[in-house]
Each structure stands twice: as C-alpha cells, then as structure tokens.
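Enquirer: Let's see this in three dimensions:
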Amino acid sequence: MKEKNSRHLFVHLILILGSFIMILPFAWMVLTAFKTQNEAIRVPPIIFPSHWDLTTFKNVFDKLPFLSAYKNTIISAVVTVAAQLFMCSMAGYAFGCIKFPGRNVIFVICLSVLMIPSTLFILPQYLMIQKMGLLNTIPALFLPNLFSAYGTFLMRQFFMSLPKELEDAAKLYGCNYFQIFYKIMLPLVKPTVVTVIVLGINGAWNDLMWPLIVTSNTSMRTLTNGLAMFVDSSLQYGTAFAGAFISICPMLVLYIFGQRYFVEGTATSGLKG
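Expert: I've put the predicted structure just below:
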C-alpha cells in the first residue's frame, strides 16, 4: 500500500511540474502586459510590475488595426467551425453507420490527408484562390479549412460506438437517414460536437501562415499575423503581450466552459473501430 501511494505521489509531482512548465509562459505574458517598457526589458527580469500599467492595452488599439483584425478572425473562425461541423458530422455518420460500396476506401482516402504535411497544399490552394479572384478577401481566409479529416474521424468513431438498435428502432417508425441523423444520433454525440468546435475554432483563430499568404492589405489581417507584424516592427513588449492576451481571451473562455466535453469526446473517440 505504501509503495502504491509513493508511486501515485511521484506521478502527481511529475504532473504538477509539467503543469507549472506549461502555465509559466502564459503567466509571464499576462504579467508583462501590465509592465512598462523599462520593466519589460529589465535585466535581471522582474516578475511582478511595480505599477500595474493599463496604457499598454490602450496602445494595442492605437497602434494596431485590432478591431478589424478581430472582426476578420471571428468571421473566419465562425464560418470554418460551422462548415466543419456540418460536413464532418454528416460524413462521420455516413462512414460510421451507412453501408455503401467503397465506404472504407473513401474513408482511408480522407484520412490520408492527415499523413501529408499541410505546407504541401499551400501552393495549389493559393493558385485556386488566385484563379477565383479572392485574394485579399475574407473568404480566402477560410475556404481551404472548410473540411477537417480529423473531425470526420472523431465523428465516425463516436457514431460507431452508439448502439445499432437505436437506428433500427428509428427505421421501424419510418425515419429516413436524415431524420435518424438529425433527431436521434446527433444529439447523442454532444462531446464530439464540442471537440470539433474547439479544434476548428482554435485552428482558425491561431492560423498564421495562410492569412499572410493570401492577404496583403492591413484591413484584411487576422489577429495572429497582425501581432506578428507588430512584434517585427516594434520592440514594445508590453503592448505586444497585451495584444496577445486580448487575442487569446475568447479561446480561453471557450475551453474553460467546454473542457469537460472536449476531454470526453477526445478520450472516447477510439472506442470502436
């Protein structure tokens, strides 16, 4: 018993150490956001600011087109998540519950996208956006991300874990496939739905490279590349960290309220293959 408790204590100490290492950069960002420029670059560094300065947050909106960047990011994230949720849920249900010729082959082809580095798709995606005349537009930000192979995989695994009897009973009452999907099966996969939402909005919110490629106008920038350009052109670390803190607040709130469903959906995604 004592050996088991010692083992548990060791594991918890490792987890606490790992949590501290992960939280430290976030805590440093928040504290630096309230520091003056002199305090932010002081050597040796100071942990807490001597005076909690709020002018850095005002400078964010004065020196960056922050509101337009926020608008572009929100539109891109919302459209991306809505499209991924619609297509991934329906594709996951089809791959998991409907038997049709070539089902497994098509599913493997969809999953093969995960094995190819995303950077290889940048050039053909850019050429497609250019041919459509969508450069420097908001649709260019989200069009390549409307489908998620990983989201489809999560949905398929969760749909396959549901009892087959539910679908059979619905068919006896005369429900078609769409009615079964929308009224019976989809409400039962809420954890996976939340997981797809969190992953989709996190990917769209933090995307840096693609918006830099398809936009050149400042008014079309998103939060990530707007902050990156500001850091490259300025050494005002307090303002940069304040902007970073403001930009991640929606993601932080989303994860705090959806973490239970997110963990449950990810943990149970491989119950049945």
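
Enquirer: All the helices of the stretch 101-250 of the chain, residue numbers only.
Expert: 103-112, 122-131, 139-142, 149-161, 164-172, 177-179, 190-206, 209-214, 223-233, 237-267 (DSSP state H, counting those that start in this stretch).

Enquirer: Which of those helices sits closest to residue 17?
Expert: Nearest of those to residue 17, taken as CB to CB: helix 237-267 at 20.8 Å. Every residue, glycine included, has its C-beta placed from N, CA and C.

Enquirer: how big is the angle separating that closest one from helix 223-233?
Expert: Relative orientation of helix 237-267 versus helix 223-233 (axes from the mean of the first three to the mean of the last three CA atoms, to 10 degrees): 150 degrees.

Enquirer: between helix 237-267 and helix 190-206, how many degrees?
Expert: Going by the same axes, to 10 degrees, helix 237-267 makes 150 degrees with helix 190-206.

Enquirer: other SSEs contacting helix 237-267?
Expert: Applying 3 or more CB pairs under 8 Å, 6 or more residues apart in numbering; DSSP states H and E, one finds that helix 237-267 contacts helix 2-33, helix 37-40, helix 55-63, helix 66-97, helix 149-161, helix 190-206, helix 223-233.

Enquirer: circling back to that earlier point, can you list the helices of the stretch 101-250 of the chain in CSV and add mean pLDDT, mean neighbour count and distance to residue 41?
Expert: Compiled in CSV, those are given as follows (pLDDT from 0 to 100; neighbours: other CB atoms under 10 Å; distance: least, CB to CB, whole Å):
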stretch, mean pLDDT, mean neighbour count, distance to residue 41
helix 103-112, 88, 13, 47
helix 122-131, 91, 13, 36
helix 139-142, 91, 22, 34
helix 149-161, 88, 23, 41
helix 164-172, 84, 12, 61
helix 177-179, 86, 13, 60
helix 190-206, 85, 21, 26
helix 209-214, 89, 19, 27
helix 223-233, 76, 18, 14
helix 237-267, 77, 17, 7
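
Enquirer: Switch those over to TSV; also include distance to residue 57.
Expert: Output for those, formatted as TSV (distance: least, CB to CB, whole Å):
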stretch	distance to residue 57
helix 103-112	44
helix 122-131	34
helix 139-142	26
helix 149-161	35
helix 164-172	51
helix 177-179	48
helix 190-206	20
helix 209-214	23
helix 223-233	14
helix 237-267	5
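
Enquirer: Ok, which of these comes nearest residue 96?
Expert: For residue 96, the closest of those is helix 149-161, at 3.6 Å, according to CB to CB.

Enquirer: The closest one - contacts with which helices or strands?
Expert: Counting by 3+ CB pairs under 8 Å, 6+ apart, helix 149-161 packs on helix 66-97, helix 103-112, helix 190-206, helix 237-267.

Enquirer: right, so of those helices, which gets closest to residue 162?
Expert: Per CB to CB, nearest to residue 162 of these: helix 66-97, 8.0 Å.

Enquirer: before we move on, back to that, output the helices and strands packed on helix 237-267 in a markdown table, with distance to residue 213 appended to each entry.
Expert: Formatted as a markdown table, the helices and strands packed on helix 237-267 follow (distance: least, CB to CB, whole Å):
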| stretch | distance to residue 213 |
| --- | --- |
| helix 2-33 | 27 |
| helix 37-40 | 31 |
| helix 55-63 | 24 |
| helix 66-97 | 14 |
| helix 149-161 | 21 |
| helix 190-206 | 15 |
| helix 223-233 | 10 |
